[in-house]
Every structure is written in structure tokens, then in C-alpha cells.
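*Asks:* Model the following, please.
(chains A and B, ligands or ions: 2)
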Amino acid sequence: MFRYILRRLFYMLITLFIIATVTFFLMKMLPGSPLSAEDKLSEEQKAIVLEKYGLNDPVPIQYLRYLGGLVKGDLGVSFAFDNTPVTKILMDRMGPSLQLGFQALLIGSFLGIILGLIAAVFRNGAIDYTSTIFAVLGSSIPNFVFAGLLQYVFAVQLNWFPVALWGGFEYSILPTIALMIFPMATAARFIRTEMVEVLNSNFILTARAKGISETGVVFRHGLRNGLIPLITVLGPMAVSMITGSMVIEQIFAIPGIGEQFVTSVTLNDYPTIMGTTLLFAFLFVVIILIIDLLYGLIDPRIRVSGGNN
Amino acid sequence: MSKLLEVKDLKVSFNTYNGEVQAVRGVSFDLNKGETLAIVGESGSGKSVTSTTLMGLLPKPHGFVKSGQILFEGEDLVKKSAKEMQEIRGNDIAMVFQDPMSSLNPTMKVGNQIMEGLIKHQNMNRADAKKKATELLELVGIPQPDVRMNQFPHQFSGGMRQRVVIAIALACNPKLLIADEPTTALDVTIQAQILELMKKVQEETNSALIFITHDLGVVANVADRVAVMYAGKVVEVGTVDDIFYNPKHPYTWGLLGSMPTLDSTDEELYAIPGSPPDLLNPPKGDAFAPRNKFALEIDTVMEPPMFKVSDTHYAATWLLHEDAPKIEPPESVKRRMQGFSKMEGEQ
Ligand SMILES: Nc1ncnc2c1ncn2[C@@H]1O[C@H](COP(=O)(O)OP(=O)(O)OP(=O)(O)O)[C@@H](O)[C@H]1O
Ligand SMILES: [Mg+2]
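*Replies:* Ligands and ions are numbered 1, 2, ... in the order given. A predicted model of the protein is given here:
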């Protein structure tokens, strides 16, 4: 097990290295420069600034310098935000994004599982059709539409929650709902399909033949087997948290990493773009690793390294 | 001997998009305590539907009992509520299914799967249930039962899994055990072992057994009596001797004739031509008539009733009517019947 994790960590590093390299060169191909928004500077001043940040050096040199910093955990300083180190910017903005992401992912998949389970148990009934319609809408309508709708109804009209910005827990409610629609709809659809299949399988018949109650059959025998495959869509759901956060944080003016990323891209703030991309990539590979480990933990058939047998 | 089970004119249908599938069209049979009844018949003849109906496990709501009675110790199971059936299932009546590879919950330890029924029906605590479950694994011939209790189904071979399924079924000492083709999915050597095991446990526990199979060879080995099913009906029923040495229904002749024997040198296996009728629109008259080269004119008009051959032996064919022409079974089937008695003699 330990060796397995070590090997996975090694692959993770390679993945991150490749992503860092690709992003670096892609970014160099972006039109414009970090200074194109600064018209107050004279050509000479611009030249001085470019020189200072090493932007006049050949691209391979810049690349090596960047990698050198990366190894030391240094992501460089931001061009746009008063020379603040990128690591500090990311740290400061991590909180709201993580909170939103986790809230949306947890609550969304939990509600989705319940919805899917009910739909499967009462399949082809009214509940089932309603939840299917909801699930299809939820996974096809983009989340900024929901965000705008939620803001209008619950903040502007009803005045129940703040329209935007970031303060206490109540500020996180609307953005969480907007962000959780996708994982919720995905989980609901997925669990419904899985459970219908599981409830039709032979071992469920065996369970019923023992005379145990229908709740026992559904929860003790059905649910666990229906839940295991859900792990496979956890990855896409987590990714949707990352991409979703860029939109949602922008709409709700939340000082998180997603909003930061969008701003940095418009400003050509190379070090911050690089740093954020690497952070997202890092989160993603960690999530995938966790999912794989979870899989082995929940499904006895995949526990390869148990040692016995 | 007293009757444990009496099935009376049972009719079971399924509502499908194409209409009503009449899977079981008036089945009657009975079973004494400790007796073994084999139900044989082609694929689709309604054997499994009959057994799932006995268990009260028809897929709801589209599968339903149209009419008839299932008297178990005198009480009609058809009239029981879902809750009452839960008390009977796994306790008084238990079932062994066809495919051991998919009959066990892949994510639950084998021990827990056996203990569940004990805890539910016998009010055992976990410790007692665990002890009893280990004994059951021992009984069905699984080595190292303590270790095996804590393993998952994927750690067992097909034959071993079927032993586990049998252990689950036996857990609460059922009065009636239904085995729906318990050996079909297993390879031949394992089949023989599982059959031996079923015979052994049945003798030890003295439960009655309904043994469903395609395979007439197995029947002679395990059963006391045989019911032959065709297109949702019992067409012939009798003791093993009745069915093997004195079969009356042409369909039974077909089954016997198409069964390979050890010394079958004869090329002409008496195969049944054609395929079973469509149960969406069951034919008028005798459902077997279109495939029956001995069919009489009346077969296309009127269904034959059950004619009595002896106290134990009944068959539904017009050939038994007093006005019918005397027809002998085909030569190949006759030779086979003699072959059986020879085999019997050698044993
Ligand atoms: N859930 C169902 N819905 C609709 N029709 C069904 C259903 N289950 C069984 N049937 C029909 O009932 C008939 C009898 O099926 P059954 O499974 O009892 O046959 P069987 O004798 O057990 O065959 P086999 O030897 O293949 O197991 C078949 O025509 C089948 O199509
Ligand atoms: Mg069957």
C-alpha cells in the first residue's frame, strides 16, 4: 500500500511538471504583455520594468529560472498586485474557494444521492419523472444562469440573503446552491441508473428470499453497491467545482481563487496565472489519488494489497 | 403422510408492453413433508415463475397471481400480505438460485450474509448467529469456516459460492427448500458435489425439496416424484418410476428421448421439433399439439384434462382417452426406458 502511494506521488510530480511546462509556453504565446494595460508608462520605463522582471531574456532562460523557483516552492511575485508573492495571494484567497467547493460538493452529492435513491425505489412513478427532469435541467443549464436567478429571487426580491460579496456563512449560501446544482444533478442521475440495476440483480433477490425487510434490502444490500460506482464521477464533479468557481466567484464578487484567476488572465499577470493553474492541477491530481484510494477502501474486490488470501 | 404444500390451479401473468404474458396457466401439484419433487421442462415453461410465486417474490407490480391457491401447511400464501410473507421467507420456505456468481452480495462478508436470516427469524444475537453460521459453513463442506466467514464472495469459487447460498437457505431449517437449477451454472464435477450435498442436507434436515431442472439425468438421482411442465402447465406428474419407465405424454417422451445416456449408440435421438408457443397468445387446444407428431384432431380444439394412469401418475394427453388410438412411444424412447431400468439394476 505504502509503495503504491509512493509510486502514485511520483507520477503526480511528473504530471505537475508537464502541466507547468505546457502552461508556461502556452502563456508565452498569449497576445499582449503584462504592461499593455499601463499606458501611463513611457517606452523607456516599460523597458526598465521588463528588464527588471527578466522578461527580455530568451524564453528558455525564463523557463529554467521559473522551474528553479518552483523547486524551492517560489511561484514568483505578481506583476499586477503590488509585487505580492504569488504564494501569498493564493493562500489569502484559498479560504472562500475551499469552503464553497466543499460545501457544494458535499451537500450537492448528498442531496443527489437521496434524490436518485428515491427515484430508483419508486421508479416510473411521479417522483421519478420529476427528479429526472430536474437532473437533466440541472446538468444542462449553465450555472451562471442559476446564479443570476438565485441572486434576483432570493437577494433582490425576497432579500433573504446578501446579493454578493463575502462575509459570514449567509454570504456563502447562494453561491453554494448555484455551484452544487451540477454535482447534485449528476449524482441523482447516476445513482438512479445504478440503483435500478442493482435492485434488479440476483443478490437482491437472495436478500429478499431471506425475508429481510424492504428497507434492509434497499439500504443494506442495494445502496452500498449503488454508491461504489459514484466514485467514478467524483472526479468530473470536483473539476466542475474548479471551473464553476471561476464563474460563480466572479458573479458573486467573492475574493476567491477563481475570481483571482479570471482577473489575472485579463491582466496578463504571468506568475499569478502560472501559480493558479499549478494549484488547480495539483488539486486535481490529489483528488484523483484520493478517489483511487477510496475505491479500494469501499470496494472489497479492489483491495489488492490486503496480504491475506 | 401429511401434505406440506398444495398448489391448486395456479395462474400467474405478467403485464408487458405487448400485453399479458400468461407464464403459468393453471398449475397444480402437491408435496409431502420431506419429499423431493423435481420440476422439469424446457426453457420458458414457467418453472422459475412458479417457484418465485411460491416465495412471494414476483416482480411487482407487473407480475401477479391471476387465480389459484398455494396452500402451505393449510394456509393460502396468495392471500398473505407482504409483511406476512417476509416472516415465511427464509424461515419456513427458502430458495437456492441458479447463478451462484451473482447470487451473493459482492460487498458484504459471507458470514454476515448467512447471519442476517438467523438474526431476523430466530431472534439470535450476533454472537450466536455467528456461531451458527460457522456451523452451517461446516455443514455445507467449506473448509476453514472461521476464516471463510470473514471473506467476501469474490474470494470463493463458483462451487463454493453455491455452497454458501445453500447455507443461507438452510440457516433457519426451512420446511420447504426450493432449488431453481442450482447446478446449471457449474461445471460437471462440481455439479455432482452440489447434488450430493443437497441430498445429504435434505436427509439431515428432513425438509421437503422442490428441485427445478432441465436435466432429466439429475432427476432420477434426487427426486421422489416428477412434474413435467410445458407452456405454463403441468402435463405429466408421477413418481420417478412412473415417469422414467412408463411415460404417457408425448412431451415427456421427447424429453426422455433427447436425453443422452452413457451407452447411447443410437443416432436417432428423439428430438422435439419446433419451439414452445407464444405465451402472449396461448394456442387453443393442447399447447403441445403443433410439435407433437402423435397429435389427434381433438388436440387443436380442446385442451386435454389430466387423465389418471395410476394413483400416483397423471398425464394431460388425449392419447389416454379410452377412444384414442393405442400409440406406443417411439422405439428410441422405449430403448431408453429399458436402458434406465438396466442402469437401475446395476446400481
Ligand atoms: N418479469 C417477467 N416479465 C415478463 N415475462 C416474464 C417475466 N418473467 C418470466 N416471464 C415469462 O414467463 C415465461 C416462463 O418463464 P420462466 O422463467 O418461469 O421459465 P423457466 O421454465 O424457468 O425457464 P428456464 O429453464 O429458462 O429457467 C417465459 O415465457 C418468460 O418470458
Ligand atoms: Mg428458470
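
*Asks:* Please make it C-alpha for all contacts and neighbour counts, starting now.
*Replies:* Will do.

*Asks:* For the stretch 1-150 of chain B, which residues are neighbours of ligand 1?
*Replies:* Neighbours of ligand 1 within the stretch 1-150 of chain B, by Cα under 6 Å from any ligand atom: B:14, B:21, B:23, B:42, B:43, B:44, B:45, B:46, B:47, B:48, B:49.

*Asks:* which stretches of the chain have low pLDDT?
*Replies:* As the question left the chain open, I've gone with chain A. Within chain A, the stretches with pLDDT under 70 are A:31-41, A:81, A:302-309.

*Asks:* let's do chain B instead
*Replies:* Using pLDDT under 70, chain B drops low at B:1, B:260-270, B:339-347.

*Asks:* Just want the most central residue of it.
*Replies:* residue B:212 (2.1 Å; Cα atoms, centre = their mean).

*Asks:* That one: helix or strand, and which one exactly?
*Replies:* Assessed by DSSP states H and E, residue B:212 sits inside strand B:208-213.

*Asks:* Do that strand and chain A come into contact?
*Replies:* No - shown here: strand B:208-213 not in contact with chain A (Cα under 8 Å from any Cα of the partner chain), separated by at least 15.3 Å.

*Asks:* burial measure for the nearest residue to residue B:48 once chain neighbours are set aside, as a count.
*Replies:* Among residues not flanking residue B:48 along the chain, residue B:180 sits closest, at 6.7 Å (Cα to Cα, 6 or more residues apart in numbering or on different chains). Applying other Cα atoms under 10 Å in any protein chain shown, we find 21 residues neighbouring residue B:180.

*Asks:* List the contacts of residue B:180.
*Replies:* B:48, B:51, B:95, B:96, B:97, B:98, B:211, B:212, B:213 (Cα atoms under 8 Å, 6 or more residues apart in numbering or on different chains).

*Asks:* Repeat the analysis, applying 7 Å as the threshold.
*Replies:* Residue B:180 sits next to B:48, B:96, B:97, B:98, B:211, B:212, B:213 when contact means Cα atoms under 7 Å, 6 or more residues apart in numbering or on different chains.

*Asks:* Tell me which two in these are the farthest apart.
*Replies:* Distance extremes for the contacts of residue B:180: the farthest pair is B:96 and B:213 at 12.3 Å, using Cα to Cα.

*Asks:* For chain A, which segments are assigned as helices?
*Replies:* A:2-28, A:43-52, A:59-71, A:86-121, A:126-140, A:143-150, A:170-199, A:202-209, A:214-215, A:224-227, A:230-251, A:257-267, A:270-298 (DSSP state H).

*Asks:* how many other residues sit next to residue B:284?
*Replies:* 12.

*Asks:* same deal with residue B:295?
*Replies:* Neighbours of residue B:295 using other Cα under 10 Å come to 17.

*Asks:* excluding its backbone neighbours, what's nearest it?
*Replies:* Here the residue nearest residue B:295, using Cα to Cα, 6+ apart, is residue B:289, at 5.4 Å.

*Asks:* what sits against the one you found?
*Replies:* Residue B:289 makes contacts with B:295, B:299, B:300, as judged by Cα under 7 Å, 6+ apart.

*Asks:* what's the helix or strand for the residue lying closest to the last one once chain neighbours are set aside?
*Replies:* It stands for residue B:300. Counting by Cα to Cα, 6+ apart, residue B:300 lies nearest to residue B:285, which is 4.7 Å off, once chain neighbours are set aside. Under the criterion DSSP H and E, no helix or strand holds residue B:285.

*Asks:* number of nearby residues for residue 196?
*Replies:* Since no chain was named, I'll use chain A. Neighbours around residue A:196, by other Cα under 10 Å: 19.

*Asks:* could you do chain B instead?
*Replies:* When neighbours are counted by other Cα under 10 Å, residue B:196 comes out with 14.

*Asks:* show me the contacts for the nearest residue to residue B:68 once chain neighbours are set aside.
*Replies:* Take residue B:68 and drop its neighbours on the chain: the residue closest to it by Cα to Cα, 6+ apart is residue B:10, 4.1 Å away. Counting by Cα under 7 Å, 6+ apart, residue B:10 touches B:24, B:25, B:26, B:27, B:28, B:67, B:68, B:69.
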